[in-house]
Structure formats: structure tokens, C-alpha cells
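K.L.:
no letters, just coordinates:
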Ligand code: 1PR
């Protein structure tokens, strides 16, 4: 029996699913006594340091946790569960952590995008029983803006490089903690978890050791989901956002099955977009929650859900906040939520008022769950103009001239699945959303969607240059070299595709092999499950 400390934020469902998939049962901590009597305690932390510490105090769990740690019984901290072991974090300078380990938690200070999101490797510093069955060259999933600095080098189990070398896991006695998420790290992560759960095996030093790790470019499979005309929830795919063929909604498969297939084929992340969410009542959208719950039982890579994340009034006139909607998605297995239409309206309001409201979905969700949990999905369309001064928007010079030979364009934001254009450009939207707390931009492009013509490199360069958060390039992938182009000609951290995967035109492995052959770092999922 594994005891799991859920203080009420983020996606603990994934950790439970991962542990249960390894044949263990999980008991959730309800009160102090559950910690004090635990045999093995897992503490998954997601969200922000401050809200975590507040919650632990509110639930009167700080002292029991300290007592458990002092007893040196097996403990696995994940992400914030590692950071909590230190006394102090720059994220919440006025609050104290558990103070078990000497050192502190610092924000990344590098020219690279922060949060550090994605699959990165480990430099093993000492043998441990949690390395059983690992080669040492596996990649694990990270998502964080802060990292620990340990005063005592002998507790450092692994480091990882992101601009500089930081501590990515520690071990002292039976207490282990990782900055990365084993439950989201595919087979390698499950193996590591399994090693923790197993009774003491001998300490192992993996053989394929490197001196420096590299963040992989991520390949994301996207599933646009909606009800077809019979009311069944299906994965569909549009051409420039038109998902109907001969009048009927295209049906490319079932969401849970396809997600599972992409996980097995090596997708680094899966995104579900509920494309009619803008007109539905999301919390009544039980099928979508069910899709997430079922998917997260078998899929151990990050899951993002988008569509309909906003405040709304239900049929009985009750107001549901975007935060409540997001919370329900996180509880069902999502790691990140993606906000589309609402982000445009929020940015418009911000620009009109000249200041943030403090109450928008982006601000509220990122405050509670952390910036890394908030993706903003942008659905822009090119509008050609004759000169940079022709409109009051951020205009770019383009090598792809317009229909009347125009050499400039701006990217108009749309809402409601491209149905309504707004007086706001995509670059400004991305900048405002970053200020408000978004942790990542999902950059679609209506002109390229479903065309197989390749990504809109000009759009991606304009947006990546304007923000410091990671950008997911999306729309238009048709060949393996399109992925190479997007990773060599732009600073995009990841590339998302839909049609080519759904139609089985190109396997995910072919994309990764091509990238690896061309010196683009990717994740391979070689670790075998334990016999
Ligand atoms: O506005 O917060 O309710 O969110 C709705 C979400 O649904 C948004 O993220 C929006 O992008 C998405 N969406 C709405 N309508 C459509 C549609 O297609 N009619 N799909 C839609 C967006 C675009 C990509 C697609 C890539 C890759 N789909 O996600 O997967 O373009 O496609 P490709 O590789 O086949 O070219 P809200």
C-alpha cells in the first residue's frame, strides 16, 4: 500500500494511475494520522510553492510530514515535492518550506525559455536503487520554473542541464525526490517508480552516462474532438478549420484509442481540443472528462485539454468559474489546460483597461496551478496589407506575397474556432498572455491547418521573438522535413501535428528518426518494462 499526499492541486490522478498500473494500491492522505502511519509516502507536487505550503498548513500536515521524514521511511517527492524539502523558495519568499535539506529553491536564470518544459536527460552522480533497469540515457519529463540548490553535494543523485547544470533529483537515506515527473515520463518513468515501490534492490549505476544533457524537441499529437451528427464523441480534423466533408463531420477515430496509440508510438505529449467547447457547457461535458480519465489510466505522457475553458453560466443560472472548469479537468487527468477564445477576450480587456483585472482565467488558473499549467491556444489568420503602417497591429514583412502582391501581413486573432476575427494580432496576444501568467503558447495557423504545406515559419519566428515562454508550432505538417525545418529555422520548442498521424501518413517514429539523423535532439523510448 502506497500512501499519497494530495494537497488538492494539479494532476495527482496521473501519479495514482501510474502507481496502480504497477500493481500497487494507493491510499490518499485524509488526515495527519495517514502520514504518521504510512509505510511508503509519495508526495507529488504540482502548482505553486506558496499555495502548496498554505495548503499543507491549512490541512495541518506540516508537522506530520516532518515527523515522517525524520523517521527515514521511504519517501518519494515529485517536482514541488522535492522543492518542499528545502527551507526557502524564491517563488514565495515569505513562506518557509519543510527545511529538511539545507539549500534553497531558485528561479531559472538563463536566456532560455522559462518554464523549462519537456524531456531532458539526467547526469547520474551516484548509484541508487531507483536506477535499476535504466541505461542512463533516458529522458524524463520536466515542467518547472524553479529548481533546488542543495548545500550538501552528497545528496545530489542527478543533475540536468538547462542553460546551466541544476539538481534534478536527490537522495538521502530512504528519502528520494525528483524534479522531473516519473509518472509523465513514459516507460522510463514507470521503471523508476517501480524501483522505488519495490523492496530494496541493490544500488545501480547506469552504464550510458553523458556529461551533458539536452532538452528534446517535443512531438505532440493533437486530437480535435467534437460530437458528430449522431452525438458520438469523435476525433475529427479540419482543412483550415472546416471539419465537414460532404456535409458530415469527419470521423478519424475514437479519442481514447487514438491517444493510447500515439503514446505507444512515442508521442511526447497528447493534446485534446474540444473544438466546440466555446458553445458547450464544459462541466456538463462529461464525455470529455471521461475521455481524460480513461486516457490517463494508460497514457503516461503529459495531457493537455483545451476548449471551453472560461467562466460560464449553466442552465440553472449558476456561474462556474474557469478555475472550477480547469480544476475538474486537472482532477480527471489533465496536466495543462489550453485557453483559446477566452484568452483573446482577456487580452482585449487588458489592452482597453491598461492593466490586468487579476480575475481572468489565465491569472486565476496560473496562480493556483502554476504558469506551466496554462497554455494559450492562438488561432490566427493572415491578413495582407501594403505597408507596416496600414494597420495599428504588429505587421511583419513576408516572403509569401498576398493575392495582390502585398509584401506585409498581420496575423488576426480569431475566436470560436476561427469563426470570428478580432481587432487583435497574434503577437500582441502572445505578449499579453505571457504577462498575465500563461506558461506556453500553442500557435496554430488557420491558413496552414490541414494543408500539409508545412508550418508557417514567419508566424512562428514573429511570436517566438516576442515572448520568452515556450512556443508549440502547429498546423500544416505534411512531411518529416517540415519538422526539421521548424526546429532549425525557428526557436519553437515543440511541434504539433494532427492529420498526418490520424491518416497514418507518417509514423511518429519516422519524424523522430529524421530529426535525430539531422542532429535535432529527440526522445527515444527505449527502456523496456520490467519482466
Ligand atoms: O476557444 O477556448 O473554446 O478552444 C477551442 C480550441 O479548439 C482552440 O484551441 C482551437 O484551436 C480549437 N479549434 C476550434 N475549432 C477548430 C477547428 O478545427 N474547427 N481546431 C479547432 C484547431 C488546430 C490544431 C490542429 C493543427 C494541426 N485545430 O490544433 O490540430 O492545426 O493540424 P494539421 O497537422 O492537420 O495541419 P476555446
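P.N.:
Received the coordinates, thanks. Quantities reported herein were computed from a predicted structural model and do not represent experimental measurements.
K.L.:
contact partners for the most far-flung residue of the chain relative to its centre?
P.N.:
In the chain, residue 404 marks the outermost C-alpha relative to the chain mean, sitting 40.7 Å out by C-alpha atoms, centre = their mean. By C-beta atoms under 8 Å, 6 or more residues apart in numbering, the contact set of residue 404 is residue 384. Heads up, the C-betas are built off the backbone N, CA and C, glycines and all.
K.L.:
ok, it to the ligand distance?
P.N.:
26 Å (C-beta to the nearest ligand atom, to the nearest Å).
K.L.:
that residue sits in which helix or strand?
P.N.:
Assigned by DSSP states H and E, residue 404 falls within no helix or strand.
K.L.:
count of residues packed around whichever residue of the stretch 201-350 of the chain sits closest to the ligand?
P.N.:
In the stretch 201-350 of the chain, the residue that lies nearest the ligand is residue 340 (2.8 Å; C-beta to the nearest ligand atom). Neighbour count of residue 340, defined by other C-beta atoms under 10 Å: 29.
K.L.:
quick check, residue 132 in contact with residue 196.
P.N.:
No. Look at residue 132 against residue 196 with C-beta atoms under 8 Å: they stay out of range, at 9.9 Å.
K.L.:
for residue 413, the count of nearby residues, please.
P.N.:
If you count neighbours by other C-beta under 10 Å, residue 413 ends up with 27.
K.L.:
hang on, the earlier thing: have a look at residue 132 and residue 196 and say which one is more surrounded.
P.N.:
Set side by side, residue 132 and residue 196 show more neighbours around residue 196, with 22 against 18, by other C-beta under 10 Å.
K.L.:
before we move on, the earlier item: for the residue farthest from the centre of the chain, what are phi and psi?
P.N.:
Main-chain dihedrals, residue 404, degrees, to the nearest 10: phi -110, psi 30.
K.L.:
and if you look at the one 10 residues further on?
P.N.:
As for residue 414, its main-chain torsions (degrees, to the nearest 10) stand at phi -130, psi 160.
K.L.:
for it, give me its contacts.
P.N.:
The neighbourhood of residue 414, defined by C-beta under 8 Å, 6+ apart, consists of 344, 379-381, 420-422, 446.
K.L.:
start to end distance for stretch 295-311?
P.N.:
The first and last residues of stretch 295-311 sit 26 Å apart, counting by C-alpha to C-alpha, to the nearest Å.
K.L.:
just how off-centre is it within its chain?
P.N.:
Put simply, stretch 295-311 sits 9 Å off its chain's centre (C-alpha atoms, centre = their mean, to the nearest Å).
K.L.:
before we move on, what about stretch 387-403?
P.N.:
Remark: stretch 387-403 is offset 33 Å from the chain centroid, using C-alpha atoms, centre = their mean.
K.L.:
same question for stretch 128-147.
P.N.:
When distances are taken as C-alpha atoms, centre = their mean, stretch 128-147 is centred 17 Å away from the chain's centroid.
K.L.:
could you do stretch 494-511 as well?
P.N.:
Between the centre of stretch 494-511 and the centre of its chain there are 19 Å (C-alpha atoms, centre = their mean).
K.L.:
repeat for stretch 397-410
P.N.:
Here stretch 397-410 shows a centroid-to-chain-centroid distance of 34 Å under the convention C-alpha atoms, centre = their mean.
K.L.:
then stretch 494-514?
P.N.:
Distance of stretch 494-514 from the chain centroid (C-alpha atoms, centre = their mean) equals 19 Å.
K.L.:
list the buried ones in it?
P.N.:
Of the residues in stretch 494-514, 494-502, 506, 508, 511-512, 514 count as buried by neighbour count, 16 or more other C-beta atoms under 10 Å.
K.L.:
export the residues you listed as a markdown table, with columns for pLDDT, distance to residue 362 and secondary structure.
P.N.:
Output for these, formatted as a markdown table (pLDDT from 0 to 100; distance: C-beta to C-beta, whole Å; DSSP: H, G, I helix; E, B strand; the rest coil):
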| residue | pLDDT | distance to residue 362 | secondary structure |
| --- | --- | --- | --- |
| 494 | 97 | 20 | strand |
| 495 | 98 | 24 | strand |
| 496 | 98 | 20 | strand |
| 497 | 98 | 26 | strand |
| 498 | 98 | 25 | coil |
| 499 | 97 | 29 | helix |
| 500 | 98 | 31 | helix |
| 501 | 98 | 29 | helix |
| 502 | 97 | 30 | helix |
| 506 | 97 | 34 | coil |
| 508 | 97 | 31 | helix |
| 511 | 98 | 31 | helix |
| 512 | 97 | 32 | helix |
| 514 | 98 | 35 | helix |
